[in-house]
Structure formats: C-alpha cells, structure tokens
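J.: Everything below, folded, please.
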Amino acid sequence: MSYTPDSSFLSRPIGTAAQWAAAIRPHNPADADALAAAYFRNGDMAGINADLALAQAAHETAWFSSDRWTRQHNPCGLGITAPDTPGVDFRSVERGVLAHLLHLCCYVYAADPPALEPFAALDPRHTFHDARPRVCDLVRPDRRWADPGDGYAAAIVRIANDTAALVITPEGDSTMTAYPTAADLGFPVRIHLAADTGPRRALADIAWFIVHDTEGNPAGDEAILTSANPPVESAHALILPDGETVFMVPLEETAWTPGNDPVAVCSVNVELSGFAADGYTDAQYTSLARFFRWCVSRGMTDVPAVYAARTGDPGIIGHQDVPNPYHKGAWGGAAGHTDPGAHFDWHRLVAAIADAATAPPAVPPTPLAFYVGNNPYGAVPVRPPFWNRWHYLDDLGLALPTMGYPIEPERTGANGRRIQRFERGWYATQPAADPWDVVALPPAEYPAA
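T.: Numbering: from 1, shown residues only. You can find the predicted model right below:
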C-alpha cells in the first residue's frame, strides 16, 4: 500500500513513529523523537493521518530545520497571512503539533473532534472556520491546501511514501511525552497545556522538585497558569484541594514558575492551589507525593526524596528556597516568594513519598478493575466496540495517553448508546463514527454523577 494524491487525511497511517523519527533525525536530531511521537499520538486522537500531516510539516519546514520550526515551532506557517507577517511562535513541539492538527481539522471536519476541543485556541485561525463546511479530506486539491499549490500534493505524497518505506529496527516509546493518569495518582487528572514554556531538557538533568502555592482560589488558578497573557507563571502541575491534578507542562519542557531561569531549566514545579496561611489538605499531600513518584518513574532519577532547603543540593525544595538571581543572599526567586510557607510539613511529604512507593493508589492501576467494554480479554468471539478501540490503541502504545484505563463498567446512556468512563473521559458508541464505532463524549454530554 502507498499514498496517492487521492489519499485521505482521514485514513490510517501506514508508517510508524519510529520510521518518522529516523527520517527527521538527520535534519533535526533534537526534536526527531518528540515530533514523531506527538504527531502519531495526537493524530490518532484527532483522526488525522500522522503520515500525511508529518509529510506536510516536513515539506513546509525543510524537515524541521528552517527558522519557522527551530525558532517558532510552527510546522505549517500558521499565522503567516502576508509576506511580512512572521507567524505564530508555539514555543514547544507539543503545542505546534496540536495547532497543526487542529488547523487540518478545519478542512476535513464540519466540527472539531471532541478530544481536541480543549486545545482549539492554539490554532490562531480557528475562529475563521466557525461556520465551516468540510472543504475536502484528500491530499489532491493542491490549491485548497496552499496558494500557490502547484506540486504541493505530489510533494506530500512523495515524502509520506519514502518515509513509510524506511526499513529500521522498531524502537520503543520511551521518548513519548507522557501524561500522568488517575491510576498513577489516585485522584482525577486533567490535561490543560500551558501556553508559555521554556526549552526541552533531559529528565536525568533535573535536580530539584519545587513546591509552590498559588495564593489564589482554584477557580482562577488554572486560567492564570495556562494563559499566554503576561505575566506568565507556567508550572508542570497544579494540585487542587481535593487532590485533583491539572497537568500543564510536559516534564521534558521547562516551566517558568521559579523566577530563576537556570533553576527552572533543572526543576519540576508543582503549584498547590490555596493560601499558605490556611495550610494544605491531606489530599494535596498524597497527590503531591504520588506525582513525585510518577516523575521519578519517568526519568527524574537524580532528585532524592529529601528536603534540601537552601543547601543547593539536589532534592525537594520550596519556592522560598530558590535563590534570587539578582540579589546574592536573597531567596524566593526574582520576586522574593515565601511559599509554600511555614505551614507546609516537609517531613510529612517525604514520609508520604515513601508510602507512595509501596501503597497502591486509590484507583486500581490495571484495566482489570473493569474490563474494557465489560468483557475479559479474548472471552468473546466478536469484540465489542470499546474492546476494539482500546486494544487497537494499546497495540500502538497509545491507549493510556489517549483514553487511560476504564474506571467504571460499561452501561447504557442517553438515546440507548453504550457508554463507558475511562481515565481521560467518557466514551460512547456511535455507529459509523469511526472504524471502532466509539467516540469521545464532550464534557457537556458527560452523564450526571
């Protein structure tokens, strides 16, 4: 099988993330693995063919080596509406890839896939397509994808076919951007990517795990930490008083919260929603401890589970322990922060981390708590839709990043549809919606508790 100009952006890819990483690596070794993983993971979530989207981006950015990519992480010229318009700076691989896929959705769907709706603001031209008819899902109509478009489809097809034909040893998915799940932390987890982050780094180079508090209310904390409007204070995660975690910056990227850039590049930063004067909840201590353990499992191996205070040694510290970069002997970063304050119990956190290493989280960590679709693996000759969808993604290494484990049994929802709750949201049967007859429900359609 190979691609032609009549191939659809809504088809399944025939290449693999490993092949694309190998093809990109000679041109951009720093981003090759992350790019391939992000396009395949998010492309599956969007229903967009990752081969064709990557081929389009490779054509637009000279295999991710042009300034448009290396300076702006802009894979397809988004925001360039005139010769003297520089376009959007997406600041990271993940945001650039999501924005590209969202823009393709404007052409191939009448409405966004529900799984991508939380990220719609990343595409600066999305609002121009509010009342969009589907233009076309084929590569062929050159001028509908680019202007001038002569040869555009042929270039995409050639790149996609050449890459899918690469013969390499399959690689693991260790470079895939990972998100924590409720199974990891024992509390609900939501993904809401922050707008402003810093450079990528190796997880093995992280020296500090920094605890902050927001000095604000949960209702507004998330909006502040994910906003693109200055002043920006991005963090890797926000933990709400009930233990729910909002994951905002991949561990492989820098969050700017410390107010000291060299420290930021070498640290994981977690905000506790609330006020230092009020103290912190049991759920926040437990969720924070399990998040620390999850970071270690992902590669943050050089941060010991000890409170390092102001020694400069690797370990766990507070924002109050970050050196002020402009005033020697001062602390709290550039703004002199004093959080998480005197009410934070460091001994309790360290003890909770030790407990988290052995104690099971509140949510069962395996899918066997509720079978996918209520059916044991291999127990029925005809696989039900939830089983088909989850195990297809699992074969690609994508089931956990996109759906997570099932956490409630399958049941009947509105209009007789079968529904099942997974860690990343509710899914419902919808005949002919996709090859597995299963779609993600938008939050507005989640069943009442």
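
J.: and residue 327, backbone torsions?
T.: Backbone geometry at residue 327, expressed as degrees, to the nearest 10, gives phi -140, psi 100.

J.: per-residue pLDDT, it?
T.: The score at residue 327 is 93. That number is its pLDDT.

J.: What about it, how many residues nearby?
T.: By other CB atoms under 10 Å, 10 other residues sit near residue 327. Glycine gets a C-beta too; all of them are placed from N, C-alpha and C.

J.: Same check on residue 281?
T.: 17.

J.: ok, it - contacts?
T.: 241-243, 274 (CB atoms under 8 Å, 6 or more residues apart in numbering).

J.: now the helices for this protein?
T.: 17-24, 32-46, 50-61, 67-70, 93-108, 142-145, 152-164, 182-185, 218-226, 261-265, 282-298, 346-356, 385-395, 399-402 (DSSP state H).

J.: Which of these has the lowest mean pLDDT?
T.: Minimum mean pLDDT among the helices of the chain: helix 142-145, a mean of 48.

J.: What subset of the contacts of residue 281 is buried?
T.: Buried by 16 or more other CB atoms under 10 Å: 241, 243, 274, out of the contacts of residue 281.

J.: Let me have those in CSV, extended by distance to residue 19.
T.: Output for the buried ones among the contacts of residue 281, formatted as CSV (distance: CB to CB, whole Å):
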residue, distance to residue 19
241, 46
243, 40
274, 47
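
J.: what's the distance between residue 77 and residue 437?
T.: 36 Å (CB to CB, to the nearest Å).

J.: still on that earlier bit, of the buried ones among the contacts of residue 281, just say which sits nearest to residue 71.
T.: Among the buried ones among the contacts of residue 281, residue 274 lies closest to residue 71 (CB to CB), at 38.1 Å.

J.: Buried residues in stretch 54-70, which are they?
T.: So for stretch 54-70, counting by 16+ other CB under 10 Å, buried means 54-61, 63-64, 68-69.

J.: Distance to residue 418 for those residues - can I get that in JSON lines?
T.: Shown next, in JSON lines, are these (distance: CB to CB, whole Å):
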{"residue": "54", "distance to residue 418": "34"}
{"residue": "55", "distance to residue 418": "36"}
{"residue": "56", "distance to residue 418": "36"}
{"residue": "57", "distance to residue 418": "37"}
{"residue": "58", "distance to residue 418": "40"}
{"residue": "59", "distance to residue 418": "41"}
{"residue": "60", "distance to residue 418": "41"}
{"residue": "61", "distance to residue 418": "42"}
{"residue": "63", "distance to residue 418": "44"}
{"residue": "64", "distance to residue 418": "42"}
{"residue": "68", "distance to residue 418": "45"}
{"residue": "69", "distance to residue 418": "43"}
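
J.: Out of the helices of the chain, flag the one nearest residue 308.
T.: Per CB to CB, nearest to residue 308 of the helices of the chain: helix 346-356, 9.7 Å.

J.: could you check the angle helix 282-298 makes with that closest one?
T.: 60 degrees (axes from the mean of the first three to the mean of the last three CA atoms, to 10 degrees).

J.: Tell me how far helix 346-356 lies from the chain's centre.
T.: 27 Å (CA atoms, centre = their mean, to the nearest Å).

J.: in this protein, which spans are strands?
T.: Assigned by DSSP state E, the strands in the chain fall at 189-191, 208-213, 237-239, 245-247, 267-272, 315-318, 411-412, 418-422, 425-429, 438-440.

J.: Identify whichever of those lies nearest to residue 47.
T.: Using CB to CB, the nearest of the strands of the chain to residue 47 is strand 438-440, at 9.5 Å.

J.: where in the stretch 301-449 of the chain is pLDDT low?
T.: 357-384, 391-398, 431-436, 449 (pLDDT under 70).

J.: Mind doing that once more with 90?
T.: Within the stretch 301-449 of the chain, the segments meeting pLDDT under 90 span 301, 342-343, 355-449.

J.: How about the stretch 101-250 of the chain?
T.: For the stretch 101-250 of the chain, the ranges with pLDDT under 90 are 101-204, 216-234, 246-250.

J.: go with 50
T.: 129-133, 142-143, 147-148, 169-176 (pLDDT under 50).

J.: will you turn the contacts of residue 281 into JSON lines that also has distance to residue 155?
T.: Output for those, formatted as JSON lines (distance: CB to CB, whole Å):
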{"residue": "241", "distance to residue 155": "52"}
{"residue": "242", "distance to residue 155": "51"}
{"residue": "243", "distance to residue 155": "50"}
{"residue": "274", "distance to residue 155": "53"}
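
J.: which two in these are spaced the farthest apart?
T.: So, those by CB to CB: farthest apart are 243 and 274, at 12.3 Å.

J.: what sits in contact with each of these two?
T.: 281, 284.

J.: What residues does residue 209 make contact with?
T.: Counting by CB under 8 Å, 6+ apart, residue 209 has contacts 267-268, 270, 292, 295, 300, 303, 315-317.

J.: Let's see the ChimeraX selection covering just the buried ones among the residues you listed.
T.: This is how ChimeraX selects the buried members of the contacts of residue 209, with burial counted by 16+ other CB under 10 Å:
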select :267,268,270,292,295,300,303,315,316,317
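
J.: Residue 407: neighbour count?
T.: If we define neighbours as other CB under 10 Å, then residue 407 has 19 of them.

J.: Correction: the previous question concerned residue 40.
T.: 27.

J.: Reformat the strands of the chain as a markdown table; add distance to residue 332.
T.: Converted to a markdown table, these look like this (distance: least, CB to CB, whole Å):
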| stretch | distance to residue 332 |
| --- | --- |
| strand 189-191 | 29 |
| strand 208-213 | 10 |
| strand 237-239 | 20 |
| strand 245-247 | 24 |
| strand 267-272 | 14 |
| strand 315-318 | 9 |
| strand 411-412 | 50 |
| strand 418-422 | 41 |
| strand 425-429 | 38 |
| strand 438-440 | 42 |
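
J.: quick one, which of those is nearest to residue 399?
T.: Judging the strands of the chain by CB to CB, what sits closest to residue 399 is strand 418-422, at 9.1 Å.

J.: Check the offset of that closest one from the chain's centre.
T.: The answer for strand 418-422 is 22 Å, by CA atoms, centre = their mean.

J.: again, but for stretch 184-199
T.: 7 Å.

J.: Contact partners for residue 218?
T.: Neighbours of residue 218 in contact, by CB under 8 Å, 6+ apart: 240-241, 273-274.

J.: out of the residues you listed, who's nearest residue 201?
T.: residue 273 (25.8 Å).

J.: Nothing else from me, thank you.
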